[in-house]
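Asker: I need the structure of the sequence given here:
(chains A and B)
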Amino acid sequence: MSRFLRTARQVAQYPSAVVGMLIILALIIVAAYCLITLPYDEAIRLWRGGEDIWGENPKNAVPRWVNLIPGVNLPETIIVNSASDPAKYKTAGEFEGGIRQITMELTFDYKYRAFPNEVSVFFTSKYKTAKPYVSVYWITPEGKEVRITDGAIGHTESRRLSGDRTLQRRLGNQPVEVGLFMGSDASSAVPGKYTLRIDAMTFEEDSDVDAKLIVYGKAHGLAGTDNRRRDITVALLWGTPIALAFGLLAAVGTTVTTMMIAAVGVWFGGWIDALIQRLTEVNLILPLLPILIMVGTLYSRSIWIMLGVVIALGIFSGGIKTYRAMFLQVKESPYIEAARAYGASDLRIIFFYMIPRVIPVLVPQFVVLIPSYVFLEATLSVLGLGDPVLPTWGKVLSSANSEGALFKGYYYWVLEPSVLLMLTGLGFAMLGFALDRVFNPRLRGQ
Amino acid sequence: MTISELQQVTKVDTSRKRKPRLDTLSRILRYAVTRLIGLFVAIVVGVYLTILIANMGGHVDNIRKAQIRESVVMAIMGMQDQARLTPEEIVQFQESMVALEEQRLGLDKPFFIRSFIYLRQALTLRLGRSEQLVSDSGSREVRNIIMERLPATLVLFGTAQLLLFFTAVFAALFLSRRYGGWIDRLVVALTPTSAAPGWFYGMFLILVFASLLRLLPFGGMVDAPPPKETIPYLLSLVKHMILPVAAIIVSSIFLTIYSWRTFFLIYSSEDYVEMAKAKGLPSNMIERRYVLRPTLPTIITSFALMVIGLWTGAIVLETVFGWPGLGRLLYQAIGAYDTPVIVGSTVIYAYLLGVTVFLLDIIYALVDPRVKVGAGGARA
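Answerer: Predicted structure coming up:
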């Protein structure tokens, strides 16, 4: 224990090690928080969900904290639903001569100079056979009235105004979300009280209509949204435990097997050792990534299958040569000879006498290896071979890349997962290099 | 991996006595031939493993069968007599031809024997025909598609690797002289950045230089349309190469400089260097003859491992930069589920790695006096 404390104190002398450990600790806390608050099934349901789950989110919105930058004031999503407070928004007339007039005034306060992302109206109605008929008008703060749309509506009906070509022409050939909010020119939006008035006619005794207006913002959530309106926070949160687990398991799997094989080779020597060395040479020219790609396209993209292949191909990796050199030295030590003299079995010598000796060298290498596997997962995801169900950082990057996020200027989409990947990489690498200098003082300098 | 080499290098025995130079050339040749045979065996085993993995679900068999069927159908269509046959007869004829052809090519044999037939075809680069992808010249031979893309990859990575090697060697030599200075400490502090692969930095470089500053192109290999004359073409090529090359270099330069400078430091504390200093030799001569020369073999081994990593890293890097090379081909093949191209590219990658290792082995032999004098030598 005192030896452990001494090592810890030595490690703490390296500021980079401390920073690295803090980063790793923070990642572990995030991973734990995510596993507790957002169960696996829920995360997958959210991430694979479509309009039913994410319909109220804007597309490609930047994170909300962007508004903290002075001079930036991007609109957030405004939702006005007549069903939420019918007394406030709805006035219904009497049912006379087979017709009832319902007027809805969905009023909201728009406080931004920037234009919103999209404007949509969602209708829900109750009827048996005769569909209600609606006429929709837009009233600007100056009192100008624009006819938006009219027509009969079914049980659920959505009108995405931003895609409406006729309305666009009516607004002077401006994009709809600009035309609706602009004043005399299209340079900026006019803040103030806007109203969407819906004059509805129902043709049955207990028929009813409700409308939900969504003015999609340009800023949303902690991490913004992607092109499918999904909140990127979900993937960023869930990416953390997955990245850590993948990196850790792959690093443990490869280093431990490699070390054992090297020890066995050195101890038994002869043809076993020769065979292991030849296999290492073959392994050196086996293209790992293309083989992973082949497995991914031909068999399975499950992250755990990939993990298995990575470990299997990592067994005879170049690390064997390093361990071999160390074990050759260890093999000649007197204490091994002593163990042999009192009749310890081969396996006992390998696992209880030789391997523990090289563990100090193993630890830093192992720590440095973790980020390379975290990045390997990201690499596979960017190639479109990410796990089909799990949300990971790599998959966020991959969708950003395939949607041309950099070209279109959605920088947050690329930067957020990248920063997390980089932090993970730096955290483990900084700790690993410092550990290396502590455990292998020969390298500490001349 | 580099940390591991550091430890190994310190153990390399440099105090071996020189034997007289007898037949240096024949020694190098013998060494080259042994390495060539060794590597060829390694490639054969590697390609065989690739085939085994690919054929676990019978994919190679399917490629072969589809090929046979296609050629049979083409042959029958070309026959003059086929117009006289009824459609049923044609189908029957076709099936019997396919069965005969499959028998002739050994597809009815057990997998163990078939796998060696496939191995021979893969090794001789008879990689079959693609399912979706077509080469720019219109060919569907996987070999033609790959050969068309290979030069682009070689140009990009060759340039990057050469630049990386020379920059790192000189920077490492420079730093070993200024050990402990602020530049040295800066490089050591930046070493952890090498944890990220090249494509990762590529995205940032695109963000800054293409997206924000609009100085350099987002990707591609030359302007569209490609310039007709040679010089504008080359200039355009260079302009498109800056960002990907920079991405490759940034991703590995700091770790490389750091570990190579440690090699230099280890070798410059040898007694013979002190001796040379005591003799009063000029410092640049000491550096070249007494420090650089003995360190080179170690550096080349470390470089070989790095280059192997870079080749496979090419796949995503080329995708991110839209570079029309082998890596992007593989990416397209994944998207199109084009099995023959994926298997073919994997085989080519195995060859590429083998050739790289062989070339570096030869350079190793040329710079390592132990090989020249035939002392066997502890190859790292």
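
Asker: could you measure the residue of chain B most remote from its centre against residue B:250, distance?
Answerer: Computed with C-alpha atoms, centre = their mean, the residue of chain B farthest from its C-alpha average is residue B:84, at 54.2 Å. Computed with C-beta to C-beta, to the nearest Å, the distance linking residue B:84 and residue B:250 is 69 Å. C-beta here means a position set from N, CA and C on the backbone, and glycine is covered the same way.

Asker: With residue A:59 instead?
Answerer: Look at residue A:59 and residue B:250: by C-beta to C-beta, they are 33 Å apart.

Asker: Would you mind checking the average pLDDT for stretch A:422-441?
Answerer: Confidence for stretch A:422-441, expressed as mean pLDDT, is 85.

Asker: pLDDT below threshold where in the stretch 201-350 of chain A?
Answerer: The stretch 201-350 of chain A contains no residues with pLDDT under 70.

Asker: now the strands for it?
Answerer: In the stretch 201-350 of chain A, the strands defined using DSSP state E, counting those that start in this stretch lie at A:208-216.

Asker: That one against chain B: which residues are in contact?
Answerer: Residues of the stretch 201-350 of chain A found near chain B (C-beta under 8 Å from any C-beta of the partner chain) are A:278, A:281-282, A:284-291, A:293-299, A:318-319, A:321-322, A:325-326.

Asker: Return the residues of the stretch 51-200 of chain B in contact with chain A.
Answerer: So far as C-beta under 8 Å from any C-beta goes, the stretch 51-200 of chain B lies against chain A at B:53-54, B:56-57, B:59, B:179-180, B:189, B:191-197, B:199-200.

Asker: ditto for the stretch 201-350 of chain B
Answerer: Checking the stretch 201-350 of chain B against chain A by C-beta under 8 Å from any C-beta, the hits are B:203-204, B:206-207, B:210-211, B:218, B:262, B:265-266, B:269, B:305, B:308, B:311-313, B:315-316, B:319-320, B:330-331, B:333-335, B:337, B:339, B:342-343, B:345-346, B:349-350.

Asker: I'd like the distance between the residue nearest the centre of chain A and residue B:298.
Answerer: By C-alpha atoms, centre = their mean, chain A has its centre lying nearest to residue A:235, at 2.8 Å. For residue A:235, the distance to residue B:298 (C-beta to C-beta) stands at 43 Å.

Asker: quick one: contacts for residue 76?
Answerer: This is for chain A. Applying C-beta atoms under 8 Å, 6 or more residues apart in numbering or on different chains to residue A:76 gives the contacts A:64, A:217, A:219, A:220.

Asker: um, chain B though
Answerer: Shown in contact with residue B:76 (C-beta under 8 Å, 6+ apart): B:82, B:90, B:93, B:94, B:97.

Asker: Output these as JSON lines; include the columns pLDDT.
Answerer: Shown next, in JSON lines, are the contacts of residue B:76 (pLDDT from 0 to 100):
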{"residue": "B:82", "pLDDT": "66"}
{"residue": "B:90", "pLDDT": "79"}
{"residue": "B:93", "pLDDT": "82"}
{"residue": "B:94", "pLDDT": "82"}
{"residue": "B:97", "pLDDT": "83"}
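
Asker: And those residues, which of them are buried?
Answerer: With burial judged by 16 or more other C-beta atoms under 10 Å in any protein chain shown, the buried subset of the contacts of residue B:76 is B:90, B:93, B:94, B:97.

Asker: what's the offset of the helix or strand where the third one lies from the middle of its chain?
Answerer: This points to residue B:94. Assigned by DSSP states H and E, residue B:94 belongs to helix B:87-104. Computed by C-alpha atoms, centre = their mean, to the nearest Å, the chain-centroid distance of helix B:87-104 equals 43 Å.

Asker: Can you name the element that comes right after that helix?
Answerer: Following helix B:87-104 in sequence order, the next helix or strand is helix B:111-123 (DSSP H and E).

Asker: quick revisit: give me the buried stretch members for the helix holding residue B:94, please.
Answerer: B:90, B:93, B:94, B:97, B:98, B:101, B:102.

Asker: same thing with stretch B:321-334?
Answerer: Of the residues in stretch B:321-334, those buried (16+ other C-beta under 10 Å) are B:321, B:323-334.

Asker: Quick one: residues in contact with that stretch.
Answerer: Contacts of stretch B:321-334 (C-beta under 8 Å, 6+ apart): A:290, A:293, A:296-297, A:383-385, B:130, B:133, B:145-146, B:149-150, B:152-153, B:156, B:202, B:206, B:218-221, B:240, B:243-244, B:247, B:314-319, B:338, B:341-342, B:345, B:348-349.

Asker: now do 6 Å
Answerer: Stretch B:321-334 is contacted by residues A:297, A:383-384, B:149-150, B:152-153, B:219-221, B:244, B:314-315, B:318-319, B:341-342, B:345 when judged by C-beta atoms under 6 Å, 6 or more residues apart in numbering or on different chains.

Asker: ok, of those, which come out buried?
Answerer: Those of those that meet the buried threshold are A:297, A:383-384, B:149, B:152-153, B:219, B:221, B:244, B:314-315, B:318-319, B:341-342, B:345, by 16+ other C-beta under 10 Å.

Asker: List the ones among those that fall in helices.
Answerer: In this view, these that belong to helices under DSSP state H are A:297, B:149, B:152, B:153, B:244, B:314, B:315, B:318, B:319, B:341, B:342, B:345.

Asker: Pick the one among those residues closest to residue A:168.
Answerer: residue B:319 (36.6 Å; C-beta to C-beta).

Asker: give me every residue that touches the closest one.
Answerer: B:328, B:331.

Asker: same thing but 7 Å
Answerer: By C-beta atoms under 7 Å, 6 or more residues apart in numbering or on different chains, residue B:319 lies in contact with A:383, B:327, B:328, B:331.

Asker: Give me the packing partners of the helix or strand containing residue B:156, helices and strands only.
Answerer: Using DSSP H and E, residue B:156 falls within helix B:142-177. Helix B:142-177 sits against helix B:182-190, helix B:230-268, helix B:293-321, helix B:326-336, helix B:339-367, with contacts defined as 3 or more C-beta pairs under 7 Å, 6 or more residues apart in numbering or on different chains; DSSP states H and E.

Asker: any idea of the mean pLDDT in it?
Answerer: Average pLDDT, helix B:142-177: 90.

Asker: and it, which residues are buried?
Answerer: With burial defined by 16+ other C-beta under 10 Å, the residues of helix B:142-177 counted as buried are B:142-146, B:148-149, B:152-153, B:156-157, B:160-161, B:164-165, B:168-169, B:171-176.

Asker: quick one, helices of the stretch 151-300 of chain A?
Answerer: A:165-170, A:176-181, A:232-268, A:270-284, A:288-298 (DSSP state H, counting those that start in this stretch).

Asker: chain center to the first one, what's the gap?
Answerer: In terms of C-alpha atoms, centre = their mean, the centre of helix A:165-170 is found 37 Å from the chain centre.

Asker: Run through the residues that contact residue A:369.
Answerer: Counting by C-beta under 7 Å, 6+ apart, residue A:369 touches A:251, A:255.

Asker: Now the helix or strand hosting it: buried residues?
Answerer: Take DSSP H and E as the rule and residue A:369 turns out to sit in helix A:355-382. Within helix A:355-382, the residues that count as buried by 16+ other C-beta under 10 Å are A:355, A:357-358, A:361-382.

Asker: No more questions from me, cheers.
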